[in-house]
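K.L.:
with the sequence up front, the predicted model follows.
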Amino acid sequence: MTGNRRILNAVATSGLLAAVTVLVGLPAATADELADLRANQELLQKRIDQLSQAPPQAAPYVPGFGPETHKEVSGIPAVGGSFPRSFLIPGTDTSLRIGGFARADVIYWIQGARAGGALNGQGGQPNSNQDGMGGTGLLPNIPLNNSIAHSRSSASDISARPSRLLFDARTPTAWGQVRAYLEMDFGATLETTLSGTTTVVSGWVPRLRKAYGTIGGLLAGQDTGIFHDPDADAELLDFGGHASSSGRARVPQVKYTYAGPYGTVFNVGMENPDAEAVTTAGKLSFDNTAVASTSCSVTGNTTTALPATTACVPNNAFLNPLKTSWPELAATGRINQPWGHVQVGFVVRNNQLNDGQYLDTNRIGYAGTISGDAHPFSGAPGTLGKDDLGFAFAGGTNTGGQLANGVGPASNFGRNLFVPGFGFVNPLTSAQWNTTNSATRKAYDGVVSTADSQSYDAKIWYQHWWTENLRSTLETSGIWNAINTNLTAGCTTCNKLLAVAHANLVWSPVAFVDLGIEYAWGHRVITTNFKGDAYSLQGQMTVRF
């Protein structure tokens with residue numbers, strides 16, 4: 001408003017000078033002309049006074065956050081940016097938003113709390129790194145009915161770990177909008193060196209969630225997986241989310257987006273590869289690592305100057321033959337309409353098993369998906385028109401992480417196998433197996449077998465709005481893995497079926513605050529048909545900024 005007054009004062013002054021010039025240059029000006037000039041000057045002054053007293057214009061309303069505000073600091077007005085909740089960085093064309101949310105979860109495990117680290121899983125802290133029942137939480141590790149830990153119940157946990165911080169910068173250019181985006185939360189491994197989980201203070205380490213740049217339709221960096229459709233995800237309090245979803249939650253990638261006619265959008269790109277397989281040791285991923293205080297092999301301690309009896313527990317990472325090759329390729333197409341959207345996608349990937357000696361095999365993986373959401377009462381008056389129905393179905397072969405909790409090919413590498421001419425060879429006890437390029441190793445690798453695995457997932461949910469600030473969501477989702485158990489015989493962690501259901505109620509007393517409560521049930525079945533069930537009740541408070 002101060003800027004407006006200065007401009008109008010300048011205009012008025014210029015008008016007055018012009019009038020004086022006219023009067024000096026035209027001494028013969030009539031009295032009527034002089035009166036007109038004075039009247040115009042008085043009119044300009046009145047207009048300046050009116051503008052100086054006028055109330056400020058209403059700022060645009062941003063759904064979920066309320067109206068924008070631009071406050072003056074030290075007399076310098078803050079200039080609004082090019083997108084909601086942003087401001088213009090002085091001296092640049094870049095608009096910046098700093099945002100995120102603070103969140104607190106209170107979880108009560110009615111039954112099936114995560115196994116602890118003592119007394120065969122019955123004792124110790126059960127809840128570290130497990131915020132919720134869903135697919136990235138407890139679900140893949142629900143205690144089974146043949147374990148002592150299955151009776152674990154009445155456990156509770158309070159955590160602020162999902163709290164989030166983001167920075168979003170956008171700059172217009174001749175090549176289109178250039179964007180830099182950075183987002184983090186506190187979901188990394190608990191820092192036990194400096195603090196305990198509950199006795200002193202929780203030391204959650206910041207974790208990179210997203211970091212990418214865009215120019216026009218080109219994106220490079222870490223973002224939601226290309227194959228994933230976040231608009232088909234239900235609103236859940238559970239940080240673990242659905243039992244499964246097509247596409248990886250976040251992954252380094254390069255992709256190109258094209259917005260076509262009639263509400264169509266097409267994405268194509270490549271993602272960082274992650275080979276996976278299933279063996280008797282369990283589900284293996286390319287990035288599995290062994291953590292030990294001594295240098296170890298599968299047969300024991302190999303650290304110089306330490307006795308051979310020094311503790312060295314074999315880890316399945318010692319028997320991980322996975323190798324990555326070319327990136328995983330994905331493409332999606334979707335159509336957006338007032339009633340909702342529909343998206344289809346396809347991905348192809350590679351799983352390579354290579355032990356650096358005589359084993360070298362490739363298994364191609366692929367998957368397809370269809371997902372979307374629809375407002376069944378679109379156009380209806382009141383809150384009913386906001387109701388939403390979402391769904392997703394996906395399936396494929398050797399899908400790995402492209403279907404959350406999916407699997408790669410099955411292999412008997414690492415098992416105690418019968419090798420013609422050598423008898424049974426157990427990699428955990430055979431020194432010859434660990435001897436580079438030995439005849440035993442060559443013969444063993446020659447009898448290793450692999451087979452394709454299939455995975456199928458589905459989810460469906462419905463959200464109902466009771467009032468403008470009160471809503472509920474019902475959701476169920478699951479994944480089925482078909483694994484060759486002849487190759488993975490004895491695997492006690494290979495999941496055949498994972499299913500989960502949620503029901504919640506969320507109240508937003510103000511636009512940027514959510515208070516909610518959610519009930520969840522999880523069900524797990526492994527390939528040897530042992531089962532486990534878990535039930536939880538979760539409360540949550542989220543304040544966005």
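P.N.:
Structure's in. What do you need?
K.L.:
from here on, just use CA atoms for contacts and neighbour counts.
P.N.:
Noted.
K.L.:
CA atoms only: put stretch 147-161 into CSV for me.
P.N.:
Extracted C-alpha coordinates of stretch 147-161, given in CSV (Å, rounded to 0.1, in the frame of the first residue of the first chain):
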residue,chain,number,x,y,z
SER,A,147,6.7,-68.5,17.8
ILE,A,148,6.8,-67.4,21.4
ALA,A,149,6.4,-63.8,20.3
HIS,A,150,3.0,-64.3,18.9
SER,A,151,1.5,-63.8,22.3
ARG,A,152,3.1,-60.4,22.6
SER,A,153,0.3,-57.8,23.4
SER,A,154,-0.6,-54.6,25.2
ALA,A,155,2.5,-52.8,23.9
SER,A,156,2.5,-49.0,23.3
ASP,A,157,4.6,-46.5,21.4
ILE,A,158,4.6,-42.7,21.0
SER,A,159,6.7,-41.3,18.2
ALA,A,160,7.2,-38.0,16.2
ARG,A,161,9.4,-39.8,13.7
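K.L.:
so the closest residue to residue 233 other than its chain neighbours: helix, strand or coil?
P.N.:
Once flanking residues are discounted, residue 233 sits nearest to residue 390: 7.1 Å by CA to CA, 6 or more residues apart in numbering. Put simply, residue 390 is strand when judged by DSSP: H, G, I helix; E, B strand; the rest coil.
K.L.:
likewise residue 384?
P.N.:
Going by three-state DSSP: residue 384 is helix.
K.L.:
and the longest strand for this structure?
P.N.:
Ranked by number of residues, the top strand in the chain under DSSP state E is strand 95-111.
K.L.:
list the buried ones in the helix or strand following that one?
P.N.:
Using DSSP states H and E, the next helix or strand after strand 95-111 towards the C-terminus is strand 153-159. Counting neighbours by 16 or more other CA atoms under 10 Å, one finds that the buried residues in strand 153-159 are 153, 155-159.
K.L.:
may I see the buried residues of the helix or strand just after strand 153-159?
P.N.:
For strand 153-159, the following helix or strand on the C-terminal side (DSSP H and E) is strand 164-173. Residues of strand 164-173 classed as buried by neighbour count (16+ other CA under 10 Å): 164-166, 168-171.
K.L.:
including pLDDT and distance to residue 416, could the residues you listed go into TSV?
P.N.:
Converted to TSV, those look like this (pLDDT from 0 to 100; distance: CA to CA, whole Å):
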residue	pLDDT	distance to residue 416
164	95	47
165	97	49
166	97	50
168	98	53
169	97	56
170	97	57
171	96	60
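K.L.:
next, format those as TSV and append distance to residue 113.
P.N.:
Output for these, formatted as TSV (distance: CA to CA, whole Å):
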residue	distance to residue 113
164	26
165	29
166	32
168	38
169	42
170	44
171	48
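K.L.:
among the residues you listed, which pair sits farthest apart?
P.N.:
For those, with distances taken as CA to CA, the pair at the greatest spread is 164 and 171 (23.6 Å).
K.L.:
gap between the residue nearest to residue 233 and residue 480?
P.N.:
20 Å (CA to CA, to the nearest Å).
K.L.:
ok so, going back, using a markdown table, lay out the buried residues of strand 153-159 together with pLDDT and distance to residue 178.
P.N.:
Output for these, formatted as a markdown table (pLDDT from 0 to 100; distance: CA to CA, whole Å):
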| residue | pLDDT | distance to residue 178 |
| --- | --- | --- |
| 153 | 77 | 51 |
| 155 | 83 | 48 |
| 156 | 85 | 45 |
| 157 | 85 | 42 |
| 158 | 86 | 40 |
| 159 | 87 | 36 |
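K.L.:
can you pull the contacts of residue 344?
P.N.:
332-334, 368-371 (CA atoms under 8 Å, 6 or more residues apart in numbering).
K.L.:
list only buried entries from these.
P.N.:
Of those, these count as buried by 16+ other CA under 10 Å: 332-334, 368-371.
K.L.:
out of those residues, what pair is the most spread apart?
P.N.:
Maximum distance among these (CA to CA): 13.7 Å, for 334 and 368.
K.L.:
the closest residue to residue 355 other than its chain neighbours: neighbour count?
P.N.:
Excluding the flanking residues, the one nearest residue 355 by CA to CA, 6+ apart is residue 321, at 4.8 Å. Residue 321 has 21 neighbours, counted by other CA atoms under 10 Å.
K.L.:
for the buried residues of strand 164-173, which one is nearest residue 376?
P.N.:
residue 164 (32.6 Å).
K.L.:
right, and the closest one touches residue 186 too?
P.N.:
Yes: counting by CA atoms under 8 Å, residue 164 does reach residue 186; the two are 7.3 Å apart.
K.L.:
what are the buried residues along the longest strand of the chain?
P.N.:
Result for strand 95-111 [16+ other CA under 10 Å]: buried residues 95-97, 100-111.
K.L.:
sheet partners, orientation included, of that strand?
P.N.:
Note on strand 95-111: by DSSP bridges, its sheet partners are strand 87-88 (antiparallel), strand 153-159 (antiparallel), strand 164-173 (antiparallel), strand 531-544 (antiparallel).
K.L.:
so how far is residue 430 from the nearest residue to residue 432 once chain neighbours are set aside?
P.N.:
Nearest residue to residue 432, sequence neighbours excluded (CA to CA, 6+ apart): residue 440, at 6.0 Å. Residue 440 sits 9 Å away from residue 430, taking CA to CA as the criterion.
K.L.:
ditto for residue 106
P.N.:
49 Å.
K.L.:
mind saving the C-alpha coords of stretch 106-124 as PDB?
P.N.:
Output of stretch 106-124 as PDB, limited to C-alpha atoms (Å, rounded to 0.1, in the frame of the first residue of the first chain):
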ATOM      1  CA  VAL A 106       0.300 -42.800  19.700                       C
ATOM      2  CA  ILE A 107       0.000 -46.600  18.900                       C
ATOM      3  CA  TYR A 108      -1.400 -49.300  21.100                       C
ATOM      4  CA  TRP A 109      -0.700 -52.800  20.000                       C
ATOM      5  CA  ILE A 110      -3.700 -54.900  21.100                       C
ATOM      6  CA  GLN A 111      -2.100 -58.100  19.900                       C
ATOM      7  CA  GLY A 112       0.800 -59.100  17.700                       C
ATOM      8  CA  ALA A 113       3.400 -56.400  18.600                       C
ATOM      9  CA  ARG A 114       6.700 -56.700  16.900                       C
ATOM     10  CA  ALA A 115       9.000 -59.400  18.300                       C
ATOM     11  CA  GLY A 116      11.700 -58.000  20.700                       C
ATOM     12  CA  GLY A 117      15.400 -58.900  20.800                       C
ATOM     13  CA  ALA A 118      15.400 -61.100  23.900                       C
ATOM     14  CA  LEU A 119      13.900 -64.300  25.200                       C
ATOM     15  CA  ASN A 120      13.200 -65.700  21.800                       C
ATOM     16  CA  GLY A 121      11.500 -62.500  20.700                       C
ATOM     17  CA  GLN A 122       9.300 -62.200  23.800                       C
ATOM     18  CA  GLY A 123      11.500 -59.700  25.700                       C
ATOM     19  CA  GLY A 124      13.000 -56.400  24.800                       C
END
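K.L.:
which outside residues touch it?
P.N.:
125-127, 130-132, 138, 141-143, 148-159, 532-540.
K.L.:
rerun at 6 Å
P.N.:
125-126, 149-150, 152-158, 534-539 (CA atoms under 6 Å, 6 or more residues apart in numbering).
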